[in-house]
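*Asks:* dropping the sequence and predicted coords here.
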Amino acid sequence: MTEIYRIAIDGPSGAGKSTIAKAVAKKLGIDYIDTGAMYRAIGYKISSEGIDPKDEAAVNDMLERTQIDFRQGDIFLDETCVNEEIRTPEMSMMASVCSQIPAVREKLVQLQRGMGERKSVIMDGRDIGTNVLKDAEYKIYLTASAEERAHRRFLELQQKGEEQSYEAVLEDIRQRDHNDMTRELNPLRKADDAIELDTTGLDIDQVVQRVLEIVGK
Ligand code: C5P
């Protein structure tokens with residue numbers, strides 16, 4: 001039997017976590033788990049049902065009747081694929097708001113731990129190395145300057161035909177950094193045993209290569 005290993009990737013919004021994690025998963029033939037997509041899916045459900053994120057009872061009720069899973073890399077919310085719906089600037093902000101709700105984190109962290117239990121995975125998010133997979137074999141903290149991250153996201157949105165100015169994207173990134181780093185529950189921070197990888201000025205292949213070196217594959 002081959003040994004199971006887990007790779008935890010954390011870092012701020014737009015550092016390239018999902019692009020890198022996806023590519024590394026493909027190279028290593030292991031599953032990729034995008035935990036941000038799970039917070040986005042909850043944000044999408046809360047907003048489409050018109051639930052007030054501050055209404056604890058309504059949020060708890062929604063969580064009880066919510067199912068989230070990945071099938072061949074696609075995210076399913078209650079049996080519907082929501083890959084596209086969760087990738088809007090509004091859902092980025094909704095996810096950031098929802099991720100501050102204790103009951104939401106509790107449910108998603110439990111699901112994520114289950115996903116990393118029986119097979120090798122690469123999981124990305126904000127609290128993977130510090131909380132979800134504290135004993136992961138490999139931990140990487142991916143960063144880049146706020147300006148570089150905003151620039152990358154800006155180009156990505158432009159390609160999708162979404163109209164947002166660079167300044168608005170930068171402001172959005174800064175706001176999410178602030179939310180993620182200052183929230184009470186599992187704030188974003190580098191785990192003491194994580195290797196920091198600054199991707200400013202590096203291209204995707206270079207970063208993937210560095211990660212493969214770190215995990216020794
Ligand atoms: O990674 P992504 O930008 O898709 O994540 C959306 C939001 O979900 C983040 O801004 C963050 O607030 C939240 N998140 C989190 N913990 C994770 C993954 C994402 O709080 N493990």
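*Replies:* Done, it's in.
*Asks:* roughly how far does residue 70 sit from residue 174?
*Replies:* 30 Å (Cβ to Cβ, to the nearest Å). (C-beta placed from N, C-alpha, C; glycine too.)
*Asks:* which residue, other than its chain neighbours, is closest to the residue nearest to the spatial centre of the chain?
*Replies:* Residue closest to the average C-alpha location in the chain (Cα atoms, centre = their mean): residue 36, at 2.9 Å. Spatial nearest neighbour of residue 36, excluding adjacent residues (Cβ to Cβ, 6 or more residues apart in numbering): residue 125 at 6.0 Å.
*Asks:* neighbours around that neighbour, how many?
*Replies:* By the measure other Cβ atoms under 10 Å, the count of residues near residue 125 is 31.
*Asks:* partner residues bridging it?
*Replies:* Beta-bridge partners for residue 125, by DSSP bridges, are residue 10.
*Asks:* quick one: contacts for it?
*Replies:* 9, 10, 17, 34, 35, 36, 112, 132 (Cβ atoms under 8 Å, 6 or more residues apart in numbering).
*Asks:* need the contact list for the residue nearest to residue 164 when sequence neighbours are not counted.
*Replies:* Distances taken as Cβ to Cβ, 6+ apart place residue 157 nearest to residue 164, at 5.5 Å, with adjacent residues excluded. Residue 157 is in contact with 89, 163, 164, 169, counting by Cβ under 8 Å, 6+ apart.
*Asks:* adding distance to the ligand, secondary structure and pLDDT, write those out as CSV.
*Replies:* Converted to CSV, the contacts of residue 157 look like this (distance: Cβ to the nearest ligand atom, whole Å; DSSP: H, G, I helix; E, B strand; the rest coil; pLDDT from 0 to 100):
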residue, distance to the ligand, secondary structure, pLDDT
89, 11, helix, 85
163, 20, coil, 86
164, 15, coil, 89
169, 13, helix, 94
